[in-house]
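>>> Mind looking at a prediction? Sequence and model below.
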Amino acid sequence: MTSSSDTPGHTTRAHSFNSAAAQYAANRPSYPTALLDTIEELAGRPLAGARVADVGAGTGIATALLHARGADVIAVEPGDGMTAQFRHALPDVPIVRGDGNHLPLATASLDFLTYAQSWHWTDPAHSVPEALRVLRPGGALALWWNTGALDVPWLAEAAQRIDRYFGESIPANTKNVNAHVVDPTGRLGLTRREVRWSRRVPVDTHLANIGSHSLFLVHGEEASATFLAEERDHLMRAFPEGLVEEVYDVVLLLATRA
């Protein structure tokens, strides 16, 4: 995970998803039930009935799980394209415009504050104090990322091909997730857990998934299409039945407000 900054490259990548929101919604993986179980275990309270804000909610993948768990959830999302997809998918869940650096939420109003795949787009100098401001005493900040399980040979080889082509791999933003990078000040006292899970999907779904990452979106359609066509040929030779099992380690970092 790279730390946030206001560099043009970082800003461009953060906003790149809005142009591919429908692709993102249709093909990105969700999260396992065991992740929510672990969040409740570490927080010491259930999500059901809890007041939750899901920040950087995107198309609502994590928000939908929190809502189904019984949480009273509000979404926070800065992007127009992602917000439109969210409202289509979850018309009954409120969503407000904002980001983790400037939360449009009342002080001490939340039992949980969640970031699924989105904390690395924030600046911890702002997002850490904002998180502490909006959480009630005893409230929990939960940050998590689906990270590719690079001990699985085909995933490691695929990451190497992406790295050779683009100069970095998709796991670059997440493979180094740790408490110090997330919170350089150490104010949060984060606890780390990992949850492994997998999904079996068609090759084309897998390619659409990886193609929805900012690494591909900022390099332009032509460069991405060339790589994805070559990758499809490679995967169809390796998996002639046309299905792959994407294996993930969800990295969870959780802190409870004193």
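Right, received. Where do you want to start?
>>> so what's the residue lying closest to residue 105 once chain neighbours are set aside up against?
Residue nearest to residue 105 in three dimensions, not counting chain neighbours: residue 134, with 4.6 Å by CB to CB, 6 or more residues apart in numbering. No exception for glycine: its C-beta is placed from N, CA and C like everyone else's. Residue 134 sits next to 53, 103, 105-110, 113 when contact means CB atoms under 8 Å, 6 or more residues apart in numbering.
>>> ok, now how distant is residue 134 from residue 31?
22 Å (CB to CB, to the nearest Å).
>>> do residue 202 as well
For residue 202, the distance to residue 31 - CB to CB - is 20 Å.
>>> pretty sure residue 115 is in a strand, no?
Yes. The assignment for residue 115 by DSSP: H, G, I helix; E, B strand; the rest coil puts it in a strand.
>>> What sits closest to it if chain neighbours are left out?
residue 143 (4.6 Å).
>>> Residue ranges in the stretch 51-200 of the chain under the pLDDT threshold?
169-176 (pLDDT under 70).
>>> quick one: the helices in it?
Using DSSP state H, counting those that start in this stretch, the helices found in the stretch 51-200 of the chain span residues 61-68, 80-89, 124-134, 153-166, 179-182.
>>> just those: most buried one?
With neighbours taken as mean count of other CB atoms under 10 Å, the helices of the stretch 51-200 of the chain reach their highest mean count in helix 61-68, at a mean of 21.
>>> For stretch 215-226, measure first residue to last.
14 Å (CA to CA, to the nearest Å).
>>> picking up where we left off before, output the helices of the stretch 51-200 of the chain in a markdown table, with distance to residue 243 appended to each entry.
Converted to a markdown table, the helices of the stretch 51-200 of the chain look like this (distance: least, CB to CB, whole Å):
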| stretch | distance to residue 243 |
| --- | --- |
| helix 61-68 | 21 |
| helix 80-89 | 25 |
| helix 124-134 | 39 |
| helix 153-166 | 12 |
| helix 179-182 | 35 |
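>>> List of residues touching the biggest helix by length in the chain?
Using DSSP state H, we find that the single longest helix of the chain is helix 221-238. Contact partners of helix 221-238, identified using CB under 8 Å, 6+ apart, comprise 154, 158, 161-162, 165-166, 203-204, 206-207, 210-211, 216-217, 242, 244.
>>> Going along the chain from that helix, find the next helix or strand for me.
Counting by DSSP states H and E, the element after helix 221-238 in chain order, helix or strand, is strand 243-256.
>>> State the mean pLDDT of that following strand.
Per-residue pLDDT over strand 243-256 has a mean of 97.
>>> then it to PDB, C-alphas only?
The C-alpha trace of strand 243-256 is given here as PDB (Å, rounded to 0.1, in the frame of the first residue of the first chain):
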ATOM      1  CA  LEU A 243     -12.600 -20.900 -15.400                       C
ATOM      2  CA  VAL A 244     -10.100 -19.600 -12.800                       C
ATOM      3  CA  GLU A 245     -10.100 -19.600  -9.100                       C
ATOM      4  CA  GLU A 246      -9.200 -16.200  -7.700                       C
ATOM      5  CA  VAL A 247      -7.700 -16.600  -4.300                       C
ATOM      6  CA  TYR A 248      -7.600 -13.700  -1.900                       C
ATOM      7  CA  ASP A 249      -6.200 -12.800   1.500                       C
ATOM      8  CA  VAL A 250      -8.400 -10.100   3.000                       C
ATOM      9  CA  VAL A 251      -6.100  -7.900   5.100                       C
ATOM     10  CA  LEU A 252      -8.100  -6.400   8.000                       C
ATOM     11  CA  LEU A 253      -6.800  -3.600  10.200                       C
ATOM     12  CA  LEU A 254      -9.100  -2.700  13.100                       C
ATOM     13  CA  ALA A 255      -8.800  -0.100  15.900                       C
ATOM     14  CA  THR A 256     -11.200   0.700  18.700                       C
END
